[in-house]
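**Q** This is a predicted model, with the sequence first.
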Amino acid sequence: MGATPCSLASIALVLSGAGTGAAAIHFDDFASVRELSLVGDSGVTGKTLRLTPAKGDQSGAAWFREKQPVGSGFETTFQFQLTHQGGLGHGADGFAFVLQNSGPEALGGRGSAGGFAVEDPNFRHRRESAIPWSIAVFFDTYRNEEEGDPSANYVAFCTYGRPNEMRWPARRLAFRPSLSVQLKDQKVHTARILFQPPVLSVFLDDLSTPVLESVVDLSIVVDWHGGAWVGFTASTGGGYENHDIFNWSFNGTDVSSSMSVVSSNITFLMSACLPDRNLCTPENAVVERSEAGYHVILPGNLKWGASIPDPPGRTVLVANAHGIVCWDLGARGSDGCSGPSGNGTPVGAGFLAADAPAGALLMRTRDGHVWFSVNGRSGVEFKNNQGFYEFDLEIK
């Protein structure tokens, strides 16, 4: 970098929020399922929601019929029990809590597919099915070594994107290779799943300490208002078990703190995201002329990665800024991720702007241009940032 003087400042932002209000789901039991869509082999036994019976080659799903607000955060709790194990592995294959934007009749494959993914092509005997635009919290009870399963008792975050990009096995965003809780010990267990953007956490029986948490991108799941269908899937194959849910509560609530949520209303294709990153990180910045000025998509891993010509004597204002960027995936919440306003306090040395919050959207004027960057670490690790900010520039 040359010695040309430049100015550096964090920007006062107008943040956009999700438009869907909070709503609640509450089932003490499943004596009445009028509000649910039961698909495939799922049904009700007494007052219990049975996602699959203990028979081979089954696939079932249950969805709340109305979309729920998930983009700004949610919490869901349910009790489950897995019984009457038989066949391969003394019980298989597991069940999942799923967020999806395909509809209340969605259903995936049997066996290792978990009721949400594509079936193993080596054992497929019927038309391929899967649930695109989905993210699943999969409680897996059978070790498929050909898929690289770490055990027969683990939990994973799995994702599917566009229909033409679905593959077997589903991509794992994160997983806990083995649980102290035995999923198929035929006991009743309690699960709690919490999404505080962008961190998804899963708790089992001990509802205060997560067994798995990771940064997760919901942009492929939510609609323009931050909504998605929520529910459960399960499957059996050569092994089988009853996958039973006894009760279920769900609350979509704004727990996003300083982070604003990226909706699916974006101006680039999801296929343009870099591979193998939990948060969608565009390959390149996008700067487009608009009626008022410019529209910008800024990848979080590009230091001073977007610019516009410097209009002499004119003011550049940022509006409608939203998105999530993470500079430390090992930290929880705002300790490692933020929205365009940053995580609240000046970060100090080691970042691009010591006097601005970590993660804040920055701009500087230099070499006849106004440049934009995320306030990430100033070293080589900047390229490991994930996510993006999207905003409008108004020229006054």
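**A** In hand now; what should we look at?

**Q** ok, Asn320 touching Glu394?
**A** No: between Asn320 and Glu394 there is no contact under C-beta atoms under 8 Å: 9.6 Å. Every residue, glycine included, has its C-beta placed from N, CA and C.

**Q** Skipping adjacent residues, who's closest to Glu288 in space?
**A** Using C-beta to C-beta, 6 or more residues apart in numbering and skipping the chain neighbours, the partner closest in space to Glu288 is His295 (4.8 Å).

**Q** Show the pLDDT at that neighbour.
**A** With respect to pLDDT, His295 scores 94.

**Q** Kindly report the same for Ala170.
**A** With respect to pLDDT, Ala170 scores 73.

**Q** and if you look at Leu274?
**A** pLDDT for Leu274: 84.

**Q** quick one: it from Val215, how far?
**A** 14 Å (C-beta to C-beta, to the nearest Å).

**Q** Which of these two has more residues huddled nearby?
**A** Counting neighbours by other C-beta atoms under 10 Å for Leu274 and for Val215 shows that Val215 has the greater number, 26 against 13.

**Q** is the more buried one in a bridge, and if so with what?
**A** When bridges are called by DSSP bridges, Val215 pairs up with Val199.

**Q** And it, how far from Val380?
**A** Val215 is 21 Å from Val380, by C-beta to C-beta.

**Q** how about the residue nearest to Glu288, secondary structure?
**A** strand (DSSP: H, G, I helix; E, B strand; the rest coil).

**Q** and it, what is it in contact with?
**A** Thr267, Val286, Val287, Glu288, Glu390, Phe391, Asp392, Leu393 (C-beta atoms under 8 Å, 6 or more residues apart in numbering).

**Q** Gly87 reaches Tyr142, doesn't it?
**A** No: Gly87 is beyond contact range of Tyr142, at 9.5 Å (criterion: C-beta under 8 Å).

**Q** joint contacts of those two?
**A** Both Gly87 and Tyr142 are contacted by Gly237, Gly239, under the criterion C-beta under 8 Å, 6+ apart.

**Q** who has more neighbours, these two?
**A** Per other C-beta under 10 Å, whichever of Gly87 and Tyr142 has more neighbours is Tyr142, with 27 against 18.

**Q** number of nearby residues for the spatially closest residue to that one that is not a sequence neighbour?
**A** Sequence neighbours aside, Ala92 is the residue nearest to Tyr142 in space, at 3.5 Å (criterion: C-beta to C-beta, 6+ apart). Neighbours of Ala92 under the rule other C-beta under 10 Å: 27.

**Q** Under a three-state scheme, what state does Ala92 occupy?
**A** What three-state DSSP gives for Ala92 is coil.

**Q** domains of the protein?
**A** Partitioning the chain according to automatic domain parsing yields domains covering residues 7-16+259-395, 24-252.

**Q** centre of the chain versus the last one, how much separation?
**A** Taking C-alpha atoms, centre = their mean, to the nearest Å, one finds the center of domain 24-252 at 14 Å from the center of the full chain.

**Q** Do me a favour and get the end-to-end distance for it?
**A** End-to-end distance of domain 24-252 (C-alpha to C-alpha, to the nearest Å): 7 Å.

**Q** For the closest residue to Trp327 other than its chain neighbours, grab phi and psi.
**A** Distance criterion C-beta to C-beta, 6+ apart; nearest residue to Trp327, sequence neighbours excluded, is Gly376 at 4.5 Å. When read as degrees, to the nearest 10, the backbone of Gly376 gives phi -100, psi -180.

**Q** Local confidence estimate at Gly313?
**A** Model confidence at Gly313, given as pLDDT, is 72.

**Q** So what does it have for phi and psi?
**A** As for Gly313, its main-chain torsions (degrees, to the nearest 10) stand at phi 70, psi 10.

**Q** go on, Tyr389?
**A** Main-chain dihedrals, Tyr389, degrees, to the nearest 10: phi -110, psi 150.

**Q** mind checking which helix or strand the residue lying closest to it once chain neighbours are set aside is in?
**A** Spatial nearest neighbour of Tyr389, excluding adjacent residues (C-beta to C-beta, 6+ apart): Gly323 at 4.0 Å. For Gly323, the element it lies in under DSSP states H and E is strand 316-326.

**Q** Return the residues in contact with Val211.
**A** Val155, Arg176, Leu179, Val181, Val202, Phe203, Leu204.

**Q** Mind doing that once more with 10 Å?
**A** Tyr154, Val155, Arg176, Leu179, Ser180, Val181, Ala191, Ser201, Val202, Phe203, Leu204, Asp205 (C-beta atoms under 10 Å, 6 or more residues apart in numbering).

**Q** Now, of the contacts of His295, which are buried?
**A** Applying 16 or more other C-beta atoms under 10 Å to the contacts of His295, the neighbour count classes Val286, Val287, Glu390, Phe391, Asp392, Leu393 as buried.

**Q** which one among those gets closest to Ala130?
**A** Glu390 (28.8 Å; C-beta to C-beta).

**Q** Can you give me the distance of that closest one to Ser338?
**A** Separation of Glu390 from Ser338 (C-beta to C-beta) stands at 15 Å.
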